[in-house]
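Undergrad: Provided below are the primary sequence and the corresponding predicted coordinates.
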Amino acid sequence: MDKFEMLHYVDHTQLKAVATWNDIQILCDEAMEYMTASVCIPPCYVKRIHDTYGDKINICTVIGFPLGYSSTKAKEEECRQALADGCNEFDMVVNISDVKNGDFDKVEEEIVTLKRTIGGKTLKVIIETCYLTEEEKIALCKAVTNAGADYIKTSTGFGTGGATLEDVKLFKKYIGPNIKIKAAGGVKSLEDLENFIKEGCDRIGTSSAVKLVKGEEAKGY
C-alpha cells in the first residue's frame, strides 16, 4: 500500500494536556492536506475546530479520557456537549474498575447509554489492553459487540502499553461481524502502520503518521 494511502486510515491525533490552538491548527491543516480519516482532539477544541473548519474536518474527540473511571452520567454529558459542538466520532474509555470487578454488564450498559446519546454518530470503545488479562479482553469484545458500538479500540496511548498485533488478532476472533478495530498507542513507523492495516484495522490512532510519510522523526502518541 502506498504510504499516503495509509493516511486515509489515520485518526490524526493531538491529545497532549499542553496542546495549544496553534498545535491544533497544524493538526487540522495536515489532516486536510493528507486526507486523514479524522482529527482526534480534546473536547475543549471541538467547537473551535467546527467553527473554523466547518465540514472540511471530520472531528473525533475522547470521552472519559484517559482513565475511564468517571461516572456514566459524566461521560454522557461529555458526549452531549461534544455533539452540540460539532463532533462526529467519540472515543470513550471503559470503566476499567468495572472490568476488574467483573462487572461486564455495567460496562455494556454504559456503552449502550453513550451510543444512544450520540445517535448515528460513530462510537469507538477504548478498552486499554495493557491493563487486561486475555479473559478480560475477550469479555470486552463481547460487551462491545452486544452494546452495538462501532469500533473496539486497543488503547488510550496514555497507559503502560499500546496496540499490539496480538491483541488485534484476538479482537478479530471474538468481536461481532459489524465491529471494526482501531489500533492506537505506539504506532511509530510506516511498517507499524502497514502491519496494523494488513491485520484488519480500519483506523489507526497516532500523532506520528504525517511525520512518518514526510520522512520526519516520530514522537508522541
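TA: Noted; the coordinates are in hand.

Undergrad: Just list whatever residues bridge to Phe90.
TA: Thr61, Leu123 (DSSP bridges).

Undergrad: residues touching it, list them.
TA: 60-63, 79, 82, 114, 118, 121-124 (CB atoms under 8 Å, 6 or more residues apart in numbering). Just so you know, the C-beta spots here come from the backbone N, C-alpha and C atoms, and that holds for glycine as well.

Undergrad: Can I get stretch 30-37 as CSV, trimmed to CA atoms?
TA: Once non-C-alpha atoms are left out, stretch 30-37 reads as follows in CSV (Å, rounded to 0.1, in the frame of the first residue of the first chain):
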residue,chain,number,x,y,z
GLU,A,30,-2.3,18.4,7.9
ALA,A,31,-5.4,16.4,8.1
MET,A,32,-7.0,18.3,5.2
GLU,A,33,-3.8,18.2,3.1
TYR,A,34,-3.2,14.5,3.6
MET,A,35,-6.9,13.4,3.8
THR,A,36,-6.7,11.6,7.2
ALA,A,37,-9.8,9.9,8.4
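
Undergrad: pLDDT weak spots in the protein?
TA: Scanning the chain for pLDDT under 70 picks out the ranges 217-221.

Undergrad: The spatially most central residue of it: what's its closest spatial neighbour, skipping adjacent residues?
TA: By CA atoms, centre = their mean, the chain has its centre lying nearest to Asp91, at 4.6 Å. Closest residue in space to Asp91, ignoring its immediate chain neighbours: Lys124 at 4.5 Å, by CB to CB, 6 or more residues apart in numbering.

Undergrad: quick one: that neighbour and Ala163, what's the gap?
TA: Counting by CB to CB, to the nearest Å, the separation of Lys124 from Ala163 is 13 Å.

Undergrad: quick one on the thing from earlier: closest one of the contacts of Phe90 to Leu15?
TA: Nearest to Leu15 among the contacts of Phe90: Val62, at 6.5 Å, using CB to CB.

Undergrad: Which residue is the nearest non-sequential neighbour of that closest one?
TA: Val62 sits nearest to Asp91 (CB to CB, 6+ apart), 4.9 Å away.

Undergrad: didn't Ile204 look like it was pressed against Asp11?
TA: Yes: look at Ile204 against Asp11 with CB atoms under 8 Å: they come within range, at 7.0 Å.

Undergrad: Now list whatever residues contact both of these two.
TA: Common neighbours of Ile204 and Asp11 (CB under 8 Å, 6+ apart) are 182, 184.

Undergrad: count of residues packed around Asp23?
TA: 15 (other CB atoms under 10 Å).

Undergrad: In contact with it, which residues are there?
TA: Counted by CB under 8 Å, 6+ apart, Asp23 has contacts 14, 16.

Undergrad: Next one: it from Lys211, what distance?
TA: 14 Å.

Undergrad: Nearest residue to Ser70 in space, ignoring adjacent ones along the chain?
TA: Nearest to Ser70 is Gly64, by CB to CB, 6+ apart, at 5.0 Å.
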